[in-house]
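J.: pasting the sequence and the predicted model now:
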Amino acid sequence: MNKKLNIGCGKDIRPKEEGWDNLDACNLSGVNIVHDLDVIPYPIKDNTYDYVECQMVLEHLKDWVKSLEEIWRIAKPGAIINIEVPFFASYYQWTDPTHRSAFTYQTWEYFTPEHTFEYYTKAKFNIKSRYIRYSWNRLLNCIPAFIFNIIPTFYSRYLCFIFPSNSLEVQLEVIKKEDNEQMDVSIILPVYNPDEKILKKVLDSVNKQKFNGRKEVIFTSDGIGLADNMNRGIKKANNNLVVTLHQDCVPSSEAWLKTLVEPFKENDVVASCSTVYDVESGNTYTPLLDEKGCAYRKDVLLGLGLFDNETFLNSGEDYDMYMKLKKIGKIMYPDCVVNHDHPGYLSAAGYKKPQNANSWGCLLRRYGTTIPGWWKALLRANIFNWTYFYWFWRGFINKKQDFKRCVE
């Protein structure tokens, strides 16, 4: 059964068996929530109601915008808010001495995401309908209301004081996207003999991110290997959303961080991975998981024991984490890119080859044929490809990635 709230109900009590709560400042018979609407916050949990009825209430409040924000807070995403207020030109608007605010047909547009001044309030709504009610008498209302609702702006500007209407009925739909809720992020940045110019590019790009939330950057450099350094940063993180970013990976746009964490609006998402553009080769690829630009939930990583730095020194810990994460949730690949700017990276293939072979041998020993790409690694590990052969089977036999090289 849908939960419904009759706010400022007075004696208009709605039946509890139909899912209604009745809220009023006066402890009247049938009122089950007694609360002064001018006192914020209301004693109701977030995202409680599917439908809210608010009839001739807002005009009486000291700060009706704050009250509407509270209604937004306690309503579920997609909830319907049904409001009636006196029309600003109404005779009744100005005869009641307890009326504090007046409302026009256009007032509600300020609460829509597309309005120029939408930043006035965090509460966001879609306007489902608006109706200018000329009279509460159906016969008298019929023709004038029909005309006025065809030309509401013209009527409001030029005719409303000649033919004053009684009230304005508005139906709003609650918008609750994470854009309207703060998402705080901790960015883990392991460093080892960085190129200062490139690192500055990385930090400049991070600082320019258009992101609705706080972000902290945690540098780590005192660990033994990449996995150890990332784990140290994750433990220090003050936020549950953590992002790993390499010292040579520059976010390609100011929307990178926002796009990367967007998938976490869904509760079953456990990781989000950037596409990587390699500046030196001009190639673009999307890894299954790669710390060059990935986001995770800290509590999930802690639950898995963090990255396995006991087994993986500086390679393979990302694939190992991928295999663990995919069992418990979704890994997303949004349209965001980091530019991997590592001069000489291709010439470093001499050490990357045994490093990757070493990690693949270890991964195949642990996961067998369940890990994507296992057969390619196994084909490379032949006696005619001696370096790869040696380090692959060393990793496989020892169950450890121990090829030593600097932290990437």
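T.: Great, that's in hand.
J.: from here on, contacts and neighbour counts on C-alpha atoms
T.: Will do.
J.: list the contacts for the nearest residue to residue 283 once chain neighbours are set aside?
T.: Spatial nearest neighbour of residue 283, excluding adjacent residues (CA to CA, 6 or more residues apart in numbering): residue 277 at 5.9 Å. Contact analysis of residue 277 by CA atoms under 8 Å, 6 or more residues apart in numbering lists 283-285, 337-340.
J.: how about the secondary structure of residue 277?
T.: When classified by DSSP: H, G, I helix; E, B strand; the rest coil, residue 277 comes out as strand.
J.: ok, residue 242 next?
T.: Using three-state DSSP, the structure places residue 242 in strand.
J.: neighbours of it, how many?
T.: Burial measure for residue 242: 27 neighbouring residues, criterion other CA atoms under 10 Å.
J.: next one: residue 222
T.: Residue 222 has 12 neighbours, counted by other CA under 10 Å.
J.: low-confidence ranges, the stretch 201-350 of the chain, go.
T.: Regions of the stretch 201-350 of the chain meeting the criterion pLDDT under 70 cover residues 344-350.
J.: ok, residue 24 touching residue 31?
T.: Yes - between residue 24 and residue 31 there is a contact at 6.5 Å, judged by CA atoms under 8 Å.
J.: any common contacting residues for those two?
T.: Here residue 24 and residue 31 have residue 9 as joint contacts, going by CA under 8 Å, 6+ apart.
J.: got the contacts of residue 277 as JSON lines, with distance to residue 217 and secondary structure columns?
T.: JSON lines is the format used below for the contacts of residue 277 (distance: CA to CA, whole Å; DSSP: H, G, I helix; E, B strand; the rest coil):
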{"residue": "283", "distance to residue 217": "28", "secondary structure": "coil"}
{"residue": "284", "distance to residue 217": "26", "secondary structure": "strand"}
{"residue": "285", "distance to residue 217": "26", "secondary structure": "strand"}
{"residue": "337", "distance to residue 217": "19", "secondary structure": "strand"}
{"residue": "338", "distance to residue 217": "17", "secondary structure": "strand"}
{"residue": "339", "distance to residue 217": "19", "secondary structure": "strand"}
{"residue": "340", "distance to residue 217": "19", "secondary structure": "strand"}
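J.: tally of neighbours for residue 235?
T.: For residue 235, the count of nearby residues is 12 (other CA under 10 Å).
J.: roughly how far apart are it and residue 228?
T.: Applying CA to CA, to the nearest Å, the value for residue 235 to residue 228 is 11 Å.
J.: filter the contacts of residue 277 to the buried ones?
T.: 337-340 (16 or more other CA atoms under 10 Å).
J.: can you name the two of those residues that sit furthest apart?
T.: Spatial extent of the buried ones among the contacts of residue 277 (CA to CA) is set by the pair 337 and 340 at 9.4 Å.
J.: overlap in contacts, those two.
T.: Contact with both residue 337 and residue 340 is made by residues 276-277, according to CA under 8 Å, 6+ apart.
J.: list the contacts of residue 325.
T.: Residue 325 sits in contact with 270-271, 331, where contact means CA under 8 Å, 6+ apart.
J.: contacting residues around residue 80?
T.: By CA under 8 Å, 6+ apart, the contact list for residue 80 reads 50-52, 171-174.
J.: in which helix or strand would I find it?
T.: Secondary structure from DSSP states H and E places residue 80 in strand 75-86.
J.: may I have the strands that pair with that strand, each with its orientation?
T.: Taking DSSP bridges as the criterion, strand 75-86 sits next to strand 49-55 (parallel), strand 167-175 (antiparallel) in its sheet.
J.: give me the contact list for the last one.
T.: Contacts of strand 167-175 with the rest of the structure, by CA under 8 Å, 6+ apart, involve 72, 75-87, 90, 103-105, 123-135.
J.: show me this protein divided up by domain.
T.: Domain assignment for the chain by automatic domain parsing gives 4-176, 181-347, 349-408.
J.: I'd assumed residue 85 was in contact with residue 57.
T.: Yes - because the distance of 7.1 Å satisfies CA under 8 Å, residue 57 is recorded as touching residue 85.
J.: which one of those two is surrounded by more residues?
T.: Per other CA under 10 Å, whichever of residue 57 and residue 85 has more neighbours is residue 85, with 22 against 19.
J.: quick one: the more buried one from residue 68, how far?
T.: Noted for residue 85: a distance of 13 Å to residue 68, by CA to CA.
J.: also residue 296?
T.: If you measure residue 296 against residue 68 using CA to CA, the figure is 34 Å.
J.: please apply the same query to residue 367.
T.: Distance of residue 367 to residue 68, given as CA to CA: 54 Å.
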